[in-house]
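S.K.: just a sequence and a predicted model for now, questions to come.
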Amino acid sequence: MSEALGRRRLLVGALFSAAMLAAYFGFVLLVAFYKDFMKVLVVPGLSVGIAGGVLVILFAWLLTGLYVRWANGPFDEAVQRLREQP
């Protein structure tokens, strides 16, 4: 069971990392190749680029919160059950 738990931890970490990398690199690629789009004003004083940057930060916080919730909930419970086995 410990091997399955280790694989699950690796999978969850890889998925969260991939999602964060996709968000960051996607934003950077938009800035690099779609400058005209990124400078479009959503409302006066707020461009698509600034809004996108804020969304990337909020996405990072969301992913961190979800990972912490998973790690402190189901993962820790599984680790505790594993420790209690004879």
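M.R.: Sure, I can see it.
S.K.: by mean pLDDT, which helix or strand of the chain comes out lowest?
M.R.: helix 76-84 (a mean of 89; mean pLDDT, DSSP states H and E).
S.K.: low pLDDT regions in the chain?
M.R.: 1 (pLDDT under 70).
S.K.: after the helix of greatest length in it comes which helix or strand?
M.R.: As assigned by DSSP state H, the longest helix anywhere in the chain is helix 2-33. The helix or strand immediately downstream of helix 2-33 is helix 35-38, counting by DSSP states H and E.
S.K.: list the buried residues in that next one.
M.R.: Going by neighbour count (16 or more other C-beta atoms under 10 Å), the buried part of helix 35-38 is M38. In short, each C-beta sits where N, CA and C put it, glycine included.
S.K.: gap between it and the chain center?
M.R.: The chain centroid and the centroid of helix 35-38 are separated by 24 Å under C-alpha atoms, centre = their mean, to the nearest Å.
S.K.: by contact count, what packs against the next helix or strand after that helix?
M.R.: Proceeding N to C from helix 35-38, the next assigned helix or strand is strand 41-43, under DSSP H and E. Under the contact criterion of 3 or more C-beta pairs under 8 Å, 6 or more residues apart in numbering; DSSP states H and E, strand 41-43 touches helix 48-70.
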